[in-house]
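Enquirer: 3D model of this:
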Amino acid sequence: MTTSDLPTLSETSQIQSSATLTFRAPVPLIPGEEVSNYDALLARVSGAVKPADFLEEVWVREVVDLVWDAIRLRRLKAALLTASADRGMQEVLWSLDVEDATACARAWAARNPEAIAHVEPILATAGLTLDAVMAQTLRVRIADIERIDRLTASAEARRNIALREIATHRAGFANTLQRAAQDVEDAEYTVVAPVPAEQAA
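Expert: Numbers count the residues shown, from 1 in each chain. As a prediction, the model looks like this:
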């Protein structure tokens with residue numbers, strides 16, 4: 001093989017790019033999520049980490065997926081509380097002995113103007129705000145919220161492990177490179193070291 005048989009820099013980049021594109025799994029999105037937002041996150045993380053080889057590309061993708069998971073879980077936790085607010089309102093209205101609290105809470109959650117106008121003065125008279133409603137909602141959904149928090153913590157822990165893998169990989173490569181460079185320097189010193197006079201004679 002001669003140097004002319006070796007791929008050029010541009011050809012090597014195309015090969016690496018092709019391999020990366022072939023390896024890349026579908027973006028893990030659910031309804032309501034935008035691929036452009038995921039791609040932007042991937043670009044930002046890749047720009048910060050600057051993966052140096054295929055292994056680091058794999059770990060960066062894993063980091064991005066886990067960051068995306070954590071963001072999604074926090075968003076879905078808020079959405080769950082919002083979607084369950086009628087349960088919290090129902091609890092508050094029951095505690096205030098409001099007649100037909102269940103129907104009233106459901107109409108309020110559906111943003112029925114009459115229900116809103118009916119409920120708000122009741123809360124104000126009792127010295128309560130929507131915080132009381134959301135606190136009751138959290139109490140009702142606390143088991144689900146705790147499970148979501150555990151999933152979030154797990155995603156963040158796995159993300160940190162992937163980042164440590166990159167750091168360890170780079171440190172190992174740097175140590176190997178340093179040893180190789182030292183071996184080369186030692187070999188060159190041996191070759192060029194002066195021959196003692198008695199040996200030269």
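
Enquirer: all contacts plus neighbour counts: C-alpha atoms, from now on.
Expert: Will do.

Enquirer: Domains of this protein: list them as residue ranges, please.
Expert: 34-83+155-167, 85-140 (automatic domain parsing).

Enquirer: and of those, who's closest to residue 182?
Expert: Set against residue 182 and scored by Cα to Cα, these come closest in domain 34-83+155-167, at 22.3 Å.

Enquirer: end to end, how far does the closest one reach?
Expert: Start-to-end span of domain 34-83+155-167 (Cα to Cα, to the nearest Å) is 30 Å.

Enquirer: Format the domains of the chain as TSV; extra columns: mean pLDDT.
Expert: Below are those laid out as TSV (pLDDT from 0 to 100):
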stretch	mean pLDDT
domain 34-83+155-167	92
domain 85-140	96
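
Enquirer: So which residue is dead centre in the protein?
Expert: residue 67 (0.2 Å; Cα atoms, centre = their mean).

Enquirer: buried sites along the helix or strand harbouring that one?
Expert: In the assignment (DSSP states H and E), residue 67 maps to helix 54-83. Along helix 54-83, these residues count as buried under the neighbour rule (16 or more other Cα atoms under 10 Å): 56-70, 72-74, 77, 80-81.

Enquirer: what packs against whatever helix or strand residue 170 lives in?
Expert: If you go by DSSP H and E, residue 170 is part of helix 142-192. Under the contact definition 3 or more Cα pairs under 8 Å, 6 or more residues apart in numbering; DSSP states H and E, helix 142-192 sits against helix 54-83.

Enquirer: same for the helix it packs on, what does it pack against?
Expert: Under the contact criterion of 3+ Cα pairs under 8 Å, 6+ apart, helix 54-83 touches helix 35-49, helix 130-140, helix 142-192.
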